[in-house]
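Asker: Only the shape, not the letters, is given here:
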């Protein structure tokens, strides 16, 4: 059944036609991805569906009584609103009904038998509404969503107005997911989330019973969540019945087919035009109107042909090419036993790290794990509390920060670009055009630039600096898919070292040759891309689960053996206690020996070692208590 249907939608802003002819439908329960270059009208389309703005032509049909969850912009709440208050606005209807139920409960306690039946009927109706809305599951929903999005108890108790823009967006995403909606419109929902939360959101969307339409530049996310892609390009849309990977293959196939059809039609038109020209020429020579009529007939057929548009294979794209004039030495970055803490909170503890020439390295970790701290230690912005950082000979670093700032916000794009480079205006404008700054764009003040424009300008500056090592903190932020692909290709071809932090798993897969994960103030190396890292993580979890199962099994076997011995020997009660203690001591010692063996076998696997150490500590504590009991009895 169709949930939403858009037909021939048009939308103008001033004299510009943003959407020319948008036609598509979405079925109930479908998971749909909207993609397109920045500025093509994706967010505008969401506003039209949610009736925040009006369309200038066409029709939008939405299934009656559809409850829509949509985040347009960050709303303003009163200053005393806590984060938990904002989240609870998702349950306004439930709380309204609950309030009425509480009032009726008071009346029921004081009412006579004559009026009780009427009150109970009203209460029953409200209770049914409350049940249908999931009112009895509010606490469970709140806990599930907050855990998934890492909204801690401490964060819930903070004032909403004190949060950063990213934190506010995460809270409002949580609010939308808490609401009982039939249709979710999610605009870049994975922004500001760490990978663990993104993976949780992917599962949430996949399991969601309602319809979900999502705007995203996260290709990995789109692969995991959607079963239909709608691409907006030049004001029209094209529908692909699959995930992002299917879209890439199918679009390429369609373009090749369209180009072939276009060539064949052009060949046919040329042949018809030549035939018409010949008939016209014959008619002129012999003054024969029959040939003129034939020529006119052919030209009319050409005019009536439905012309196939020539597919645009080479659109305006960012043209990125990083070059390193001077090569670095073999050792680019060497870190030995460094630690760093802020306000008595340890961020990094005695970590070792070695990065070599031409390495392409991804740094992974949860938000707050210490990724940006590590970058600032490498660039010298921070000093370590202990340990050493050695930067190799001839290493020249170019650093792209996550939050891009400019010293003078009144400078133009052109002035900012030329501030550190010796290039004339003509050459500078030519270079900026490669990063989509055309004509009057170069005179925009940097303080007015969007996030994507700031990223493009900083990348343009980096490209023309004499560097052989790039340190990039979230380089794909604010870039559309096409720009991300251009950046990937440029970095793969870069004859230097790349160290980067990114939540874009597709980007990591395409570029990374090594992954370093920061977790619990430590760092672990994986020689491979993101998929390799995830495979090793799965193996680690399986190993931990297997080890725990083995310990439980061996403990049960030892207990059964001891129980059997008790049944045969039947010693005195005091002797039974001693035997039991000795058997437990023996069992615990065997389990600890097994753990020690596993720790040796997994010496390079930090996650497994951590889990094994926790288990060993618990068993050792239990063993110490039993040994003390045994010694007290024997003395």
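Answerer: Received it, and whenever you're ready, just let me know what you need. Remember, predicted model here, so these are calculated numbers, not experimental data.

Asker: residue boundaries of the helices in the stretch 201-350 of the chain?
Answerer: Secondary structure of the stretch 201-350 of the chain (DSSP state H, counting those that start in this stretch): helices located at 219-225, 244-286, 289-304.

Asker: Could you check the ones you listed and tell me which one is nearest residue 430?
Answerer: Of all those, helix 244-286 sits nearest to residue 430, with 29.0 Å by C-beta to C-beta. Every C-beta, even on glycine, is put in place using the N, C-alpha and C of the backbone.

Asker: which intervals of the chain have sub-threshold pLDDT?
Answerer: 72-74, 111-114, 313-321, 323-325, 540-578, 599-610, 631-635 (pLDDT under 70).

Asker: Spit out the contact partners of the most centrally placed residue in the chain.
Answerer: Nearest to the mean C-alpha position of the chain, by C-alpha atoms, centre = their mean, lies residue 190 at 3.8 Å. Counting by C-beta atoms under 8 Å, 6 or more residues apart in numbering, residue 190 makes contact with 198, 201, 216, 218, 221, 503.

Asker: Redo the helices of the stretch 201-350 of the chain as TSV? Include mean neighbour count.
Answerer: Listed next are those as TSV, based on neighbours: other C-beta atoms under 10 Å:
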stretch	mean neighbour count
helix 219-225	23
helix 244-286	14
helix 289-304	14
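
Asker: would CSV of those with distance to residue 339 be doable?
Answerer: Below are these laid out as CSV (distance: least, C-beta to C-beta, whole Å):
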stretch, distance to residue 339
helix 219-225, 33
helix 244-286, 41
helix 289-304, 77
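
Asker: Could you point out which of those sits nearest residue 481?
Answerer: Nearest to residue 481 among these is helix 219-225 (6.4 Å), distances taken as C-beta to C-beta.

Asker: Out of the helices of the stretch 201-350 of the chain, which gets nearest to residue 441?
Answerer: Residue 441 lies closest to helix 219-225 among the helices of the stretch 201-350 of the chain, at 27.0 Å (C-beta to C-beta).

Asker: ok, residues contacting the closest one?
Answerer: Residues contacting helix 219-225 (C-beta under 8 Å, 6+ apart): 31, 33, 35, 190, 198, 202, 205-206, 212, 214, 216, 229, 243-245, 481, 484, 504-506, 509.

Asker: picking up where we left off before, please pick the buried ones from the contacts of residue 190.
Answerer: In the contacts of residue 190, burial by neighbour count holds for 198, 201, 216, 218, 221, 503, counting by 16 or more other C-beta atoms under 10 Å.

Asker: Now flag whichever of these is closest to residue 130.
Answerer: Set against residue 130, the nearest of the buried ones among the contacts of residue 190 by C-beta to C-beta is residue 201 (27.8 Å).

Asker: Just to check, the closest one is in contact with residue 148?
Answerer: Yes. Counting by C-beta atoms under 8 Å, residue 201 touches residue 148, with 6.9 Å between them.

Asker: next one: phi and psi at residue 390?
Answerer: With angles defined as degrees, to the nearest 10, residue 390 sits at phi -110, psi 120.

Asker: Now the element after the host helix or strand of residue 123, going C-ward?
Answerer: Element membership of residue 123, judged by DSSP states H and E, is helix 113-132. Once the chain leaves helix 113-132, the next helix or strand it forms, by DSSP H and E, is helix 138-148.

Asker: what about that following helix, distance to the chain center?
Answerer: On the basis of C-alpha atoms, centre = their mean, to the nearest Å, the separation between the geometric centre of helix 138-148 and that of its chain is 20 Å.

Asker: in the helix holding residue 123, what's buried?
Answerer: Buried residues in helix 113-132, counted by 16+ other C-beta under 10 Å: 119, 123, 126-127, 129-130.

Asker: same question, stretch 41-54
Answerer: For stretch 41-54, burial by neighbour count (16+ other C-beta under 10 Å) applies to 41-50.

Asker: how many other residues sit next to residue 583?
Answerer: 18 (other C-beta atoms under 10 Å).

Asker: pretty sure it is in a helix, no?
Answerer: Yes. Assessed with DSSP: H, G, I helix; E, B strand; the rest coil, residue 583 lies in a helix.

Asker: what's the distance between it and residue 589?
Answerer: As for residue 583, its distance to residue 589 is 11 Å (criterion: C-beta to C-beta, to the nearest Å).

Asker: ok, the closest residue to residue 301 other than its chain neighbours - contacts?
Answerer: In space, and not counting its chain neighbours, residue 301 is closest to residue 272: 6.8 Å by C-beta to C-beta, 6 or more residues apart in numbering. The contact partners of residue 272, by C-beta under 8 Å, 6+ apart, come to 298, 301-302.

Asker: ditto for residue 133
Answerer: If a contact means C-beta under 8 Å, 6+ apart, then residue 133 has 93-94, 97, 180 as its contacts.

Asker: now residue 465
Answerer: Neighbouring residues of residue 465 by C-beta under 8 Å, 6+ apart: 398, 420.

Asker: One more: residue 294?
Answerer: Counting by C-beta under 8 Å, 6+ apart, residue 294 touches 276, 279, 283.

Asker: ok, now residue 332?
Answerer: Residue 332 neighbours (C-beta under 8 Å, 6+ apart): 355-357, 359, 391-392, 395, 469, 497.

Asker: taking those one by one, which sit in strands?
Answerer: In strands, judged by DSSP state E, the following of the contacts of residue 332 are found: 355-356, 391, 469, 497.

Asker: Out of those, which is nearest to residue 400?
Answerer: Of these, the one sitting nearest to residue 400 (C-beta to C-beta) turns out to be residue 469, at 11.9 Å.

Asker: thinking again about what came up before, dump the contacts of residue 294 to a markdown table, plus distance to residue 80.
Answerer: Formatted as a markdown table, the contacts of residue 294 follow (distance: C-beta to C-beta, whole Å):
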| residue | distance to residue 80 |
| --- | --- |
| 276 | 80 |
| 279 | 85 |
| 283 | 89 |
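
Asker: Residue 418: which of those residues is nearest?
Answerer: Using C-beta to C-beta, the contacts of residue 294 come closest to residue 418 at residue 276, 56.3 Å.

Asker: my read: the closest one touches residue 301, true?
Answerer: No. The pair residue 276 / residue 301 is not scored as a contact, 9.1 Å apart, by C-beta under 8 Å.
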